[in-house]
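Participant: kindly generate the corresponding structure for this input.
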Amino acid sequence: MIETVQIAVLLLVVLAAVALAARRFNLPPAILLVVVGVALALVPGLPRVELVPELVLLLVLPPLIYSAGVAMSWREFRFSLRPISLLAIGCVVFTTVAVAAVAHALLGLPWAVAFVLGAIISPPDVVAPLAIARTLGLPRRLLVILEGEGLANDATALILYRFAVAAVSTGAFALGPALGTFGAIFVGEIAFGLAVGWGMLRPRYLAGDPRVEITLSLVTPYIAYWAPEHLGGSGVLATVVAGLYTSWHGPMLITAATRLQGVFFWGLFTYLIEGMVFLLTGLQARTLLDRIGDLHAGELIGSAALISAVVVIARFVWIFPATYLPRWLVPSIARRDPSPRWQAPFLIGFTGIRGIVSLAAALAIPLATASGEPFPHRDLILFLTFAVIVVTLIGQGLLLPSMIHWLGLAVQGREERRVEAADEIASRRLTIEAALRRIDELALERELPTQIVAPMRAHHFERLRQLDYRIGVELQDQRLAGLSDDLERRLIEAEREHLYALMRDGKLNDDARRRIENELDLREAQLRHTTPRSGHGH
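Facilitator: Next comes the predicted model:
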């Protein structure tokens, strides 16, 4: 136990060091973490770190999926439900069949074993591509589609995986009952996810304590995931639905204090999990090399190249018909959602990066079938899965920034951010004006005295004036806008230094200091994160 804790602390140190190096050399942290993990795995004398599949599927995956679902806009998800479904269900099934056919025809794997391999490597990762793409200024629609696919495709793949493993273990498979079970799992998990989302928001609303609310938010994904998973489903879809329900209904039920603390908690929690996921993926290199010692190196490399090519090509083969055929066949779809230029589906096709879920599923393959025989070709499946992850994550991941620039999507993303910034400014004005109208209504209803109403009205008018001032400054001169931000930060710092001086002189106790310090921190955070930036987006 002590050794495990020591290894965990060491991995956290490596995670922080790699993050600093990635920022210094302008490299995607996800890719660098995998590379460092592989390098550490091959260093003689270091302790071996073996990934426990249950750790990923039962402990790591639920909060990642849930937090992504909460962060996603339900309105945008619903508008893009058709392309998300075509990718999360259609593309996963198509890729599974394509990989299985090639593995059976060219590698000689039995059909059931080939389908196990196909189901394992068919779903793109929910973490890896977005960890890279979010920093590159992609148009929001593409990010929503990629994130929505990553949230839902694991459900399809894990269900197919269980069917295929059962077929290998028992030697029997019936398509009709399997399709019926597949549909029942989807409908059942959606209903259960809605029930969990509704059921967990109510006690959170009644708790009245941010610590209790955040604790309840932490257990929500595990409740949503574990029950369906235990009953034979995937748990993924129920967790996604619970997150989307919370995203849509939570703003009116979750308190401001909980939101402020919850954003920090979940941001740090998911950051650590994602970083450890990439690092642990690379660290499996030694374990996998030990297990394939009896296999011929040349055949392994050739098989890995072949399967990786099939995975990449199958996604491109699927994406273009899935994008354009529905619009050509159903004119109402084209009117509601016009056909995009070819660059958008091309990029979606290029971002089929595999990750930790595929590796965990491969490691979770039973050691023996129902008859007691060793599971056929298990070590080969493990190696091919790891190879596809490395090829897609490092190969496609490193090329992704150049691809986005070449396709011109970064320019489109910047223009979209400018429009969003203008909408944000307009929304800020409207919310302040709504508050002013409400002040007048309350003053009439309650016959409030002028000495109470006047300062409040003046405060909100000052907010409007400051907003208009900042907009005017930024439109005229970005340098002046930056100077204004810098001056405001220096004023906050002056207040903070004087606050600490008062505390040191014994003129202020620690509790009062923390309350004032919290107000200063909120002002500084607001300055950093919510100031409109014309032409940049944020």
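
Participant: tell me the phi and psi of P374?
Facilitator: Per-residue torsions, P374: phi -60, psi 140 (degrees, to the nearest 10).

Participant: check A368 too.
Facilitator: Dihedral angles (degrees, to the nearest 10) for A368: phi -140, psi 160.

Participant: any idea how far it is from I120?
Facilitator: 18 Å (C-beta to C-beta, to the nearest Å). Any C-beta I mention is one placed from the backbone N, CA and C, and that applies to glycine too.

Participant: and stretch 517-525, how far out from the chain's middle?
Facilitator: Centroid separation for stretch 517-525 versus its chain: 28 Å, with C-alpha atoms, centre = their mean, to the nearest Å.

Participant: try stretch 64-82
Facilitator: With C-alpha atoms, centre = their mean, you get 10 Å for stretch 64-82.

Participant: burial measure for the residue lying closest to E416 once chain neighbours are set aside, as a count.
Facilitator: The shortest distance from E416 to any non-neighbouring residue, by C-beta to C-beta, 6 or more residues apart in numbering, is to P139 (5.3 Å). Here the number of neighbours of P139 (other C-beta atoms under 10 Å) works out to 20.

Participant: over to R75?
Facilitator: Using other C-beta under 10 Å, R75 has 11 other residues around it.

Participant: one more: M200?
Facilitator: 22.

Participant: returning to that earlier point: surely the residue nearest to E416 meets R414?
Facilitator: No - contact criterion C-beta atoms under 8 Å: P139 and R414 do not qualify, at 9.6 Å.

Participant: what bridges to A368?
Facilitator: Beta-bridge partners of A368, counted by DSSP bridges, are P374.

Participant: relative to H460, how far out is it?
Facilitator: Taking C-beta to C-beta as the measure, A368 and H460 are separated by 70 Å.

Participant: tell me which of the two has more neighbours.
Facilitator: Using other C-beta under 10 Å as the criterion, A368 and H460 rank with H460 on top: 17 against 11.

Participant: so what's the more buried one up against?
Facilitator: H460 makes contacts with 432, 435-436, 439, as judged by C-beta atoms under 8 Å, 6 or more residues apart in numbering.

Participant: ok, and it, which helix or strand is that part of?
Facilitator: According to DSSP states H and E, H460 maps onto helix 450-476.

Participant: average pLDDT for that helix?
Facilitator: Taken as a whole, helix 450-476 has an average pLDDT of 78.

Participant: and what of stretch 252-263?
Facilitator: Averaging pLDDT along stretch 252-263 gives 83.

Participant: what angle do the helix ranked longest in the chain and helix 450-476 make?
Facilitator: Ranked by number of residues, the top helix in the chain under DSSP state H is helix 409-446. Angle of helix 409-446 versus helix 450-476, following axes from the mean of the first three to the mean of the last three C-alpha atoms, to 10 degrees, is 170 degrees.

Participant: who are the packing partners of helix 409-446?
Facilitator: For helix 409-446, the elements it packs on are helix 140-170, helix 343-350, helix 450-476, judged by 3 or more C-beta pairs under 8 Å, 6 or more residues apart in numbering; DSSP states H and E.

Participant: could you redo the last one with a cut-off of 10 Å?
Facilitator: Judged by 3 or more C-beta pairs under 10 Å, 6 or more residues apart in numbering; DSSP states H and E, the packing partners of helix 409-446 are helix 140-170, helix 343-350, helix 397-407, helix 450-476.

Participant: who's in contact with F186?
Facilitator: Residues in contact with F186, defined by C-beta atoms under 10 Å, 6 or more residues apart in numbering, are 89, 152, 155-156, 159, 233-234, 237.

Participant: try 7 Å
Facilitator: L237 (C-beta atoms under 7 Å, 6 or more residues apart in numbering).
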